[in-house]
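> output the structure for:
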Amino acid sequence: MTIETNRVPQLELNNGVRIPQFGLGVFQIPPEETAARVREALEAGYRHLDTAQMYRNEEGVGAGIRDSGVPRGEIFVTTKLANDAQGHDNAINAMEGSLQRLELDYVDLYLIHWPLPKQDKYVATWHGFEELQRAGKARAIGVSNFQLPHLERLAAESATVPAVNQIELHPALQQPELRAYHEAHGIVTEAWSPLAQGEVLEDPLLAELAGKHGKTPAQIVLRWHVQLGNVVFPKSSSPKRMRENIDIFDFSLSDSDLDVLSGLDEGRRTGFDPDTFEG
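I've put the predicted structure just below:
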């Protein structure tokens, strides 16, 4: 049964563009399978697709969109800059490559994938992003994996506040200080690895909440993200799991439920540390 897309909330970015709060991440989906997975997701009601140049499956995302029959204007497409393409001119050229692979005239959101602070190119890269937005190649621009010092430097050296910051975020890594900065500066928080690669799903407290609501532990965590105001896109290559993941808009977590989840924070990453990762 197709999920009603109007059940997925949309958030307004700081430039007025609206973004669906729930989508599909295609990280680690093999290129030869991506078109089919994207088509299945769109059939299940997804309208937000998150890819990246480094995922090497942008062609499949574009093909899945074309095969689906869903109008382009109804789909929010995000891609991210490859780490080896940082720098003003490189970032602009890399966008042209993405548009060719996607066979699109524009993307809805273009992100700097990692800050790579030792390379010290992310400010120049951001200026290239600003030009792409003015040229209509990206409706909105943002960053991924940026820490507070990286965001503060962009604020000091550019005129554009990132529309989003996509960060590792799940019950075991809740990043309250960074999320508070986002809220104070009009930056939407996007969560990658929203289920901590499944590591948090065995927690008995999550099992209790799942039983209480008649949902799975994964659905409880994804609902928690939505109620926090995060944009979330779990990755899945299973049509059944895609439909299960998006089936979280028929219940709500209570304040006491949210308190339980808040208590699971351990400051534990499952991915790279943005302060030291250099691609």
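
> would you map the helices across this protein?
Along the chain, counting by DSSP state H, helices occupy 31-43, 58-68, 88-102, 122-134, 148-157, 176-185, 204-213, 217-228, 239-246, 255-262.

> the ones you listed: which one's closest to Arg269?
Closest to Arg269 of the helices of the chain is helix 176-185 (CB to CB; 12.7 Å). Backbone N, C-alpha and C define where each C-beta goes, glycine included.

> mind listing what's buried in the closest one?
Leu178, Arg179, Tyr181, His182 (16 or more other CB atoms under 10 Å).

> same deal with stretch 180-199?
Neighbour counts over stretch 180-199 (16+ other CB under 10 Å) mark Tyr181, His182, Ile187, Val188, Thr189, Glu190, Ala191, Trp192, Ser193, Pro194, Leu195, Ala196 as buried.

> how long is it end to end?
End-to-end distance of stretch 180-199 (CA to CA, to the nearest Å): 25 Å.

> distance from the chain centre to it, please.
Taking CA atoms, centre = their mean, to the nearest Å, one finds the center of stretch 180-199 at 8 Å from the center of the full chain.

> residues contacting Asn90?
Residues near Asn90 by CB atoms under 8 Å, 6 or more residues apart in numbering: Thr125, Gly128.

> for Ala163, same thing?
Contacts of Ala163 (CB under 8 Å, 6+ apart): Leu13, Asn14, Asn15, Val17, Leu109, Ala140, Ile141, Gly142, Ile187, Val188.

> so which of these wins on neighbours?
Within these, Gly142 tops the neighbour count with 27 neighbours, counted by other CB atoms under 10 Å.

> wait, isn't that one in contact with Asp108?
No - when contacts are counted by CB atoms under 8 Å, Gly142 is not listed as touching Asp108 (10.6 Å).

> from Ala52, how far off is the closest residue to Tyr106 other than its chain neighbours?
Closest residue in space to Tyr106, ignoring its immediate chain neighbours: Lys137 at 5.5 Å, by CB to CB, 6 or more residues apart in numbering. According to CB to CB, to the nearest Å, Lys137 and Ala52 sit 16 Å apart.

> what about Pro30, how many neighbours?
Residues near Pro30, counting by other CB under 10 Å: 12.

> what's the pLDDT at the nearest residue to it once chain neighbours are set aside?
Sequence neighbours aside, Asn57 is the residue nearest to Pro30 in space, at 7.4 Å (criterion: CB to CB, 6+ apart). Looking at Asn57, its pLDDT reads 96.

> returning to that earlier point: OK, contacts around the residue nearest to Tyr106?
Met95, Leu99, Tyr106, Val107, Tyr110.

> swap the cut-off to 7 Å and go again
Lys137 sits next to Met95, Leu99, Tyr106 when contact means CB atoms under 7 Å, 6 or more residues apart in numbering.

> just the pLDDT at the second one, thanks.
You'll see Leu99 listed with a pLDDT of 98.

> look up how far Asn93 lies from it.
Distance check for Leu99 against Asn93: by CB to CB, it reads 11 Å.

> so for those two, which residue has more residues nearby?
The neighbour comparison of Leu99 against Asn93 (other CB under 10 Å) goes to Leu99, with 18 against 12.

> tally of neighbours for the closest residue in space to His213 that isn't next to it in sequence?
In this structure, His213 finds its nearest non-sequential neighbour in Phe251, 5.3 Å apart by CB to CB, 6+ apart. Per other CB under 10 Å, the neighbour tally for Phe251 reads 13.

> tell me which residues form a beta bridge with the spatially closest residue to Val164 that is not a sequence neighbour?
Nearest residue to Val164 in three dimensions, chain neighbours excluded: Gly142, at 3.8 Å (CB to CB, 6+ apart). Beta-bridge pairing for Gly142 (DSSP bridges): Leu111.

> one step back: now, which of the buried residues of stretch 180-199 sits nearest Leu206?
Of all these, Leu206 sits closest to Leu195, with 10.3 Å by CB to CB.

> shouldn't that closest one be in contact with Leu201?
Yes - using CB atoms under 7 Å, Leu195 is in contact with Leu201, at 6.3 Å.

> shared neighbours, the two?
With CB under 7 Å, 6+ apart, Leu195 and Leu201 have common neighbours Ala218.
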